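*Asks:* model this:
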Amino acid sequence: MRRVLIALPFALVLLIAPAAHAGGWATVGLSSTPAGTEPGTPWPVEITVLQHGVTPLEGVEPAVIITSGDARETFAATPTGKPGVYRAEVVFPTAGRWSYAVDDGFISERPHTFPAVQIDAETSAPAPATGGDGGGGTSAGWLVPGVALLLAAAVLLARDRRRHHHPQAT
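*Replies:* Model prediction:
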């Protein structure tokens, strides 16, 4: 019975984690940020999409999404000829604080977000942080419970081994 209790957390992680992400995830890297871009001027950016953070993904359709208040625009990226690398020309139509994100075109449940940027005619710089995930990466919400289950199993296993190697005198 004790072995079943120890194996249960491992089995749950192995069953739940793959199902939660339907077989994969991707990371996104950008060749530059829009800092320094003026309104109405294209920001040329290359997007690198890697499956599991390693393998270049070809045949996906990534896009850059910009938002400011109620304004939202999407800019499709096209393949560059290099595996996993796509190019977009993003134009911020007006000055102001803009958020930007990338839909990787793969299995992403939500876009990869990046820190907001202040776009203005004279100079652009990263905007002060005001919350959001700012992660620019993949959601790994399933990771914390999985690690907790593995740690609990390790503690139970160590306790069980200690009890078997050091039996109490009767």
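
*Asks:* Can you check the distance spanned by stretch 43-62, start to finish?
*Replies:* Terminal residues of stretch 43-62 are spaced 16 Å apart (C-alpha to C-alpha, to the nearest Å).

*Asks:* now what about it, what contacts it?
*Replies:* Stretch 43-62 is contacted from outside by 24-32, 34, 37, 64, 76-77, 79-80, 82-92, 102-106, 138, using C-beta atoms under 8 Å, 6 or more residues apart in numbering. Placement of C-beta: from N, CA and C, glycine included.

*Asks:* Pull out the buried residues from the residues you listed.
*Replies:* 25-30, 34, 37, 64, 77, 84-88, 90, 92, 102-106, 138 (16 or more other C-beta atoms under 10 Å).

*Asks:* Please flag which of the residues you listed sit within strands.
*Replies:* 26-30, 64, 85-88, 90, 102-103 (DSSP state E).

*Asks:* Tell me the one of the residues you listed nearest residue 42?
*Replies:* residue 90 (6.9 Å; C-beta to C-beta).

*Asks:* Do I have it right that that closest one meets residue 64?
*Replies:* Yes. With contact defined as C-beta atoms under 8 Å, residue 90 counts as touching residue 64 (5.0 Å).

*Asks:* Can you work out which residues contact both of those two?
*Replies:* Common neighbours of residue 90 and residue 64 (criterion: C-beta under 8 Å, 6+ apart): 45, 75, 100.

*Asks:* now that we have these, which one has the most neighbours?
*Replies:* Most neighbours among those, by other C-beta atoms under 10 Å: residue 100, with 26 neighbours.

*Asks:* Would you mind confirming that residue 97 makes contact with residue 118?
*Replies:* Yes. Applying C-beta under 8 Å, one finds residue 97 in contact with residue 118, separated by 5.5 Å.

*Asks:* Kindly list the longest strand within this protein.
*Replies:* Every strand in the chain considered (DSSP E), the longest is strand 42-51.

*Asks:* Show me the domain layout of this protein.
*Replies:* Using automatic domain parsing, the domain parsing of the chain gives 2-20+143-165, 26-126.

*Asks:* any low-confidence regions in the chain?
*Replies:* 1-23, 108, 122-154, 156-158, 160, 163-170 (pLDDT under 70).

*Asks:* Show me where it has its helices.
*Replies:* With DSSP state H as the criterion, the chain has helices at 2-21, 143-165.
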